[in-house]
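Asker: Provided below are the primary sequence and the corresponding predicted coordinates.
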2 protein chains.
Amino acid sequence: MKKDNISDAVIRRLPRYYRHLDDLHSKGVVRISSSSLGERMDITASQIRQDLSCFGEFGQQGYGYNIMELRSEIGHILGVDKGHRLILIGVGHLGHALAQNFNFSHMGFHVDTAFDISCALIGSSINGITVHSLDELDDYVYAVRPEVAVLTVPKKAAQGMADRLISLGVRGIWNFTNVELSVEDADVFVENVQFADSLLTLSYRISQK
Amino acid sequence: MKKDNISDAVIRRLPRYYRHLDDLHSKGVVRISSSSLGERMDITASQIRQDLSCFGEFGQQGYGYNIMELRSEIGHILGVDKGHRLILIGVGHLGHALAQNFNFSHMGFHVDTAFDISCALIGSSINGITVHSLDELDDYVYAVRPEVAVLTVPKKAAQGMADRLISLGVRGIWNFTNVELSVEDADVFVENVQFADSLLTLSYRISQK
DNA sequence: TAGATTGTTAATCGATTAACAATC
DNA sequence: TAGATTGTTAATCGATTAACAATC
């Protein structure tokens, strides 16, 4: 039974389902039951069925799920077929690493432009992504209307840049600065990648006993 | 009342407490109540008190918490005072970005060595971290006994390298490859940084409505 | 002392798991 | 058909919030 309010816990599991189904699909597996998938992912079959039931009915009694179909359904739920546009703000080492290595298009994102203040970088191109001056940001965003901006700028510039991006109409910020951005607009979403928090969690675990 | 089994939810909030207290401390604030901290962090005062009570009694009735003291208590819980040693495995763009930008020492980690297979990199130095050949990995680990390895190698090499590191005695793997590592040993912890999952979560949110 | 705020117990809320009728 | 497996309801478990006596 389709639900209206999906809990954060469920949403955070969706990409993992997607990844596993993608994997199985590329290995040529055609169908899978919730219990086999659960075993693979180390979660209960119940949870998988419960999670999926928030969005619809994708399986078939006695058969399980068709992998290609379920993969595409979850992809659709995640919005990978929406053709979202994305820009990179900041081309330091991290921004550069993302531009170079991260497979944005596999997640359904179109990226062709990054912005930085460094003259040394402006005009250069990384993996097909050209670096522009931040002076051109406003015009670009008005013209192209990217939905998402990846923020890899220095700490100090983070909040100001976030405000600017939001006022320009960006709806999602993928935030790699270790600053907790304050955002008023309820339609704008910030997804934080907090390296430090992640490492400290690991530090905690290896420190026990 | 001190607890034995701390839930994952609590552990994942600790770094955030630590970060906020660190911030307040560096701003010169001396004391804070659970309610003010809660307001700042957008969580309930109850949750803060409940969380902290898992580890001991750090506050004072009528006063609240001494920031310097609580910060150092939480730092201690997280193990930032343990002097953990860390190595980088893989010096591609991402490894390079981490070596260059990430403040490992602020998290209490000692890092001076990275490993890679590329001859072009071996012998070079990034931000005081020298790059060695992977041929030297075993000797180094036996000699120095680093607790944590940061894994930023290509997908294909991930599981093999993880196995090797674990057999050498590494206890924590900070995993940036988008491979779900399989680890038998219950004393070894893997902390995943799944960029793709994070971006897809954002994709989901901006796709609603 | 009076006011503030803790640590903890109890109540509530939400998420996970189990069970099972429905059905492919 | 018989076996397998779904989607969903109910039961359980755990996490969050509220309340309050204790006390600085």
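Answerer: Arrived safely. Worth saying up front: this structure is predicted, and the values here are computed from it rather than measured.

Asker: ok, the longest strand along chain A near chain B or not?
Answerer: Ranked by residue count under DSSP state E, the longest strand found in chain A is strand A:109-116. Yes - counting by C-beta under 8 Å from any C-beta of the partner chain, chain B is contacted by strand A:109-116 at residue A:109. C-betas here are computed from N, CA, C, even on glycine.

Asker: for stretch A:18-37, same thing?
Answerer: Yes - applying C-beta under 8 Å from any C-beta, one finds stretch A:18-37 in contact with chain B at A:18-19.

Asker: what is the longest strand of chain A packed up against?
Answerer: Contacts defined by 3 or more C-beta pairs under 8 Å, 6 or more residues apart in numbering or on different chains; DSSP states H and E place strand A:109-116 against strand A:84-89, helix A:93-101, strand A:129-133, helix A:137-144.

Asker: neighbouring strands for that strand, and are they parallel or not?
Answerer: strand A:84-89 (parallel), strand A:129-133 (parallel) (DSSP bridges).

Asker: chain A against DNA strand C: which residues are in contact?
Answerer: Contacts of chain A with DNA strand C, taken as C-beta under 7 Å from any atom of the strand, map to A:7-10, A:43-44, A:46-47, A:49-50, A:60-63.

Asker: buried stuff in stretch A:149-160?
Answerer: By 16 or more other C-beta atoms under 10 Å in any protein chain shown, the buried positions in stretch A:149-160 come out as A:149-153, A:157-158.

Asker: how about the strands in chain A?
Answerer: Along chain A, the stretches classed as strands by DSSP E are A:31-32, A:65-66, A:84-89, A:109-116, A:125-126, A:129-133, A:148-151, A:172-175, A:189-192.

Asker: tally of neighbours for the residue in chain A that DNA strand C sits nearest to?
Answerer: Scanning chain A for the residue nearest DNA strand C gives residue A:62, at 2.4 Å (criterion: C-beta to the nearest atom of the strand). Using other C-beta atoms under 10 Å in any protein chain shown, residue A:62 has 6 other residues around it.

Asker: model confidence score at it, please.
Answerer: The per-residue pLDDT reported for residue A:62 equals 96.

Asker: for it, give its distance to chain B.
Answerer: Distance from residue A:62 to chain B, counting by C-beta to the nearest C-beta, to the nearest Å: 29 Å.

Asker: how much space between the nearest residue to residue A:48 once chain neighbours are set aside and residue B:39?
Answerer: Spatial nearest neighbour of residue A:48, excluding adjacent residues (C-beta to C-beta, 6 or more residues apart in numbering or on different chains): residue A:34 at 4.5 Å. Relative to residue B:39, residue A:34 is positioned 42 Å away (C-beta to C-beta, to the nearest Å).

Asker: what's the answer for residue A:47, then?
Answerer: Counting by C-beta to C-beta, the gap from residue A:47 to residue B:39 is 34 Å.

Asker: and stretch A:96-108, how far out from the chain middle?
Answerer: Between the centre of stretch A:96-108 and the centre of its chain there are 11 Å (C-alpha atoms, centre = their mean, to the nearest Å).

Asker: swap in stretch A:52-66?
Answerer: Worked out by C-alpha atoms, centre = their mean, stretch A:52-66 lies 25 Å from the chain centre.

Asker: and chain A, what are its domains?
Answerer: Using automatic domain parsing, the domains assigned to chain A come out as A:8-77, A:84-197.

Asker: and the longest helix anywhere in chain A, what does it pack onto?
Answerer: Counting residues, the longest helix found in chain A (DSSP state H) is helix A:8-26. Packing partners of helix A:8-26 (3+ C-beta pairs under 8 Å, 6+ apart): helix A:34-41, helix A:45-53, helix A:67-78, helix B:195-207.

Asker: ok, residue A:34 and residue B:39, which is more surrounded?
Answerer: For residue A:34 versus residue B:39, neighbours defined as other C-beta under 10 Å are more numerous around residue A:34 (20 against 13).

Asker: next one: that one from residue A:69, what distance?
Answerer: For residue A:34, the distance to residue A:69 - C-beta to C-beta - is 14 Å.

Asker: could you do residue A:35 as well?
Answerer: Separation of residue A:35 from residue A:69 (C-beta to C-beta): 18 Å.

Asker: how about residue A:21?
Answerer: 10 Å.

Asker: cool, and residue A:3?
Answerer: Residue A:3 sits 21 Å away from residue A:69, going by C-beta to C-beta.

Asker: among the two, which residue is more densely surrounded?
Answerer: The neighbour comparison of residue A:3 against residue A:69 (other C-beta under 10 Å) goes to residue A:69, with 16 against 10.

Asker: just the pLDDT for the more buried one.
Answerer: Residue A:69 is assigned 98 on the pLDDT scale.

Asker: skipping adjacent residues, who's closest to it in space?
Answerer: Nearest non-adjacent residue to residue A:69, counting by C-beta to C-beta, 6+ apart: residue A:58, 6.9 Å away.

Asker: next: residue A:137.
Answerer: Nearest non-adjacent residue to residue A:137 (C-beta to C-beta, 6+ apart): residue A:115, at 5.3 Å.

Asker: that neighbour reaches residue A:87, doesn't it?
Answerer: Yes - counting by C-beta atoms under 8 Å, residue A:115 touches residue A:87, with 6.6 Å between them.

Asker: name the residues of chain A found near DNA strand D, please.
Answerer: So chain A meets DNA strand D at A:1, A:33-35, A:45-46, A:49-50, A:52-53, A:57-65 (C-beta under 7 Å from any atom of the strand).

Asker: and those residues, which are buried?
Answerer: Those of the residues of chain A next to DNA strand D that meet the buried threshold are A:33-34, A:49, A:52, A:59, A:64-65, by 16+ other C-beta under 10 Å.

Asker: farthest-separated two in the residues you listed?
Answerer: A:33 and A:52 (12.3 Å; C-beta to C-beta).

Asker: anything in contact with each of those two?
Answerer: Common contacts of residue A:33 and residue A:52 (C-beta atoms under 8 Å, 6 or more residues apart in numbering or on different chains): none found.

Asker: quick check: buried residues in stretch A:79-90?
Answerer: Using 16+ other C-beta under 10 Å as the test for burial, stretch A:79-90 gives A:79-80, A:84-90.

Asker: one step back: most packed of the domains of chain A?
Answerer: Mean neighbour count (mean count of other C-beta atoms under 10 Å in any protein chain shown) peaks for domain A:84-197 among the domains of chain A, with a mean of 18.

Asker: and it, how far apart are its ends?
Answerer: Domain A:84-197 has its terminal residues 28 Å apart, counting by C-alpha to C-alpha, to the nearest Å.
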